[in-house]
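Peer 1: My questions concern the predicted model and sequence given below.
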Amino acid sequence: MPTEQNAIMKAASVGRARIAALAAVAFFAASAPAQSQEVGAPAPWQMGMMPPQSQTAEFMVSFHDGLLWLITAITLFVGALLLYVIFRYNAKANPTPSRTSHNTLLEVAWTVIPILILVAIAIPSFRLLREQLIIPDADIVVKVTGHAWYWSYEYPEDQGGFSFISTMLDDDEALAAGQPRLLAVDNEMVVPVGKVVKVQVTAADVLHAFALPSFGLKIDAVPGRLNETWFQADREGIYYGQCSELCGARHAFMPIAVRVVSEEAYAQWLEEAQATFASVDAPRSVAAGAEIAR
Ligand SMILES: [Cu+2]
């Protein structure tokens with residue numbers, strides 16, 4: 001009986017594996033035509049950063065890579081010194097230790113060299129901070145609000161004058177749309193390529209964080225406070241991010257999707273969005289409240 005059960009279970013698991021494999025094939029086949037467009041999403045077994053899609057993100061990634069080489073060299077150097085001391089100067093190898101206690105040249109060197117290394121790191125680091133924090137004149141302004149647990153986007157009066165909610169697609173819907181699970185959303189934030197997009201970030205309830213690796217963005221969404229950041233996308237495509245501040249039970253299920261399109265496509269989307277989504281000057285919350293009261 002148990003062997004029979006085992007056989008059934010094995011058959012079932014083989015069946016499941018096959019379905020999973022087929023689903024994976026279907027997913028990649030479905031996403032194949034979209035290959036001409038960039039997709040900013042993490043890949044299975046990815047080791048490095050997601051490919052940068054803005055100048056700031058490029059700078060960030062190259063700074064990170066440079067630092068990685070630097071700390072690797074420092075760690076190897078210090079590790080080698082340590083090993084040398086352990087083997088060369090242990091009690092057995094060096095029974096009568098030297099009585100030297102000071103070496104001015106050496107002491108100056110091990111103080112000055114690390115300072116020089118830190119200064120060398122600080123220069124690009126401050127340049128990067130400057131690039132992130134000083135927002136250039138914006139072409140587009142989008143206000144993003146974090147909610148437990150979804151994002152809403154508002155294109156102010158002079159930018160279209162509408163707002164909408166963006167929630168995660170469930171696995172089947174994402175698969176059908178040829179988009180990655182846990183990252184695809186129903187309503188994407190849409191922006192034109194090559195334009196400076198200023199993103200104003202806040203939260204309606206608890207702390208969230210708006211993060212988009214492809215553009216090197218990560219900024220806290222704080223209730224009662226408006227944080228600002230910006231990006232300028234180099235290429236058209238769809239770029240995914242996630243809430244990056246632990247905000248509660250469904251923190252992992254409030255992804256961010258930004259679709260970067262041509263200027264013509266953006267103008268067309270604006271028109272459609274104005275027709276589809278709620279206008280920002282409509283008294284939405286009052287209307288919703290009245291609905292509930294009735
Ligand atoms: Cu969160």
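Peer 2: Yep, it's here. Here the structure is a predicted model, which means the values were calculated and not measured.

Peer 1: Would you check that Val258 makes contact with Val193?
Peer 2: No: the pair Val258 / Val193 is not scored as a contact, 11.3 Å apart, by CB atoms under 8 Å. Bear in mind the C-beta positions are built from the backbone N, C-alpha and C, glycine included.

Peer 1: Tell me the residues of the stretch 151-294 of the chain that contact the ion?
Peer 2: Neighbours of the ion within the stretch 151-294 of the chain, by CB under 5 Å from the ion: 208, 243, 247, 251.

Peer 1: Domain parsing of this protein, as residue ranges.
Peer 2: Domain segmentation of the chain under automatic domain parsing yields 55-93+103-133, 140-281.

Peer 1: Just send those domains back as CSV, with mean neighbour count and distance to Pro44 too.
Peer 2: What follows is the domains of the chain, written out as CSV (neighbours: other CB atoms under 10 Å; distance: least, CB to CB, whole Å):
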stretch, mean neighbour count, distance to Pro44
domain 55-93+103-133, 11, 20
domain 140-281, 18, 10
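
Peer 1: quick one, which of those domains is nearest to Gln46?
Peer 2: Among these, domain 140-281 comes nearest to Gln46, with 10.7 Å by CB to CB.

Peer 1: Quick one: mean pLDDT for the closest one?
Peer 2: Average pLDDT, domain 140-281: 93.

Peer 1: Now do Gln55 against the ion, distance only.
Peer 2: Per CB to the ion, to the nearest Å, Gln55 is found 28 Å from the ion.

Peer 1: Surely Asn90 is in a strand?
Peer 2: No: per DSSP: H, G, I helix; E, B strand; the rest coil, Asn90 lies outside any strand segment and is coil.

Peer 1: Tell me the predicted confidence for it.
Peer 2: Predicted confidence (pLDDT) for Asn90: 93.

Peer 1: tell me the residue furthest from the middle of the protein?
Peer 2: Distance from the C-alpha centroid of the chain peaks at Thr96, with 57.3 Å (CA atoms, centre = their mean).

Peer 1: Does that residue belong to a helix, a strand or coil?
Peer 2: Thr96 ends up coil, using three-state DSSP.

Peer 1: Would you mind giving both backbone torsions of it?
Peer 2: Phi and psi for Thr96, reported as degrees, to the nearest 10, are phi -110, psi 100.

Peer 1: Please determine how far it is located from Leu82.
Peer 2: According to CB to CB, to the nearest Å, Thr96 stands 22 Å off from Leu82.

Peer 1: And for Ala233?
Peer 2: Counting by CB to CB, the separation of Ala233 from Leu82 is 46 Å.

Peer 1: swap in Val280?
Peer 2: Val280 is 62 Å from Leu82, by CB to CB.

Peer 1: again, but for Ser163
Peer 2: 59 Å.

Peer 1: Find me the pLDDT at Val39, would you?
Peer 2: 85.

Peer 1: Can you classify it by secondary structure?
Peer 2: Recorded secondary structure, Val39: strand (three-state DSSP).

Peer 1: Verify the stated contact: it with Arg235.
Peer 2: No: using CB under 8 Å, Val39 is not in contact with Arg235; the gap is 10.6 Å.

Peer 1: What does Gly237 show for phi and psi?
Peer 2: Here Gly237 shows phi and psi, under degrees, to the nearest 10, equal to phi 150, psi -170.

Peer 1: Chain neighbours aside, what residue packs nearest to it?
Peer 2: For Gly237, ignoring the flanking residues on the chain, the nearest one in space by CB to CB, 6 or more residues apart in numbering is Glu38 at 3.0 Å.
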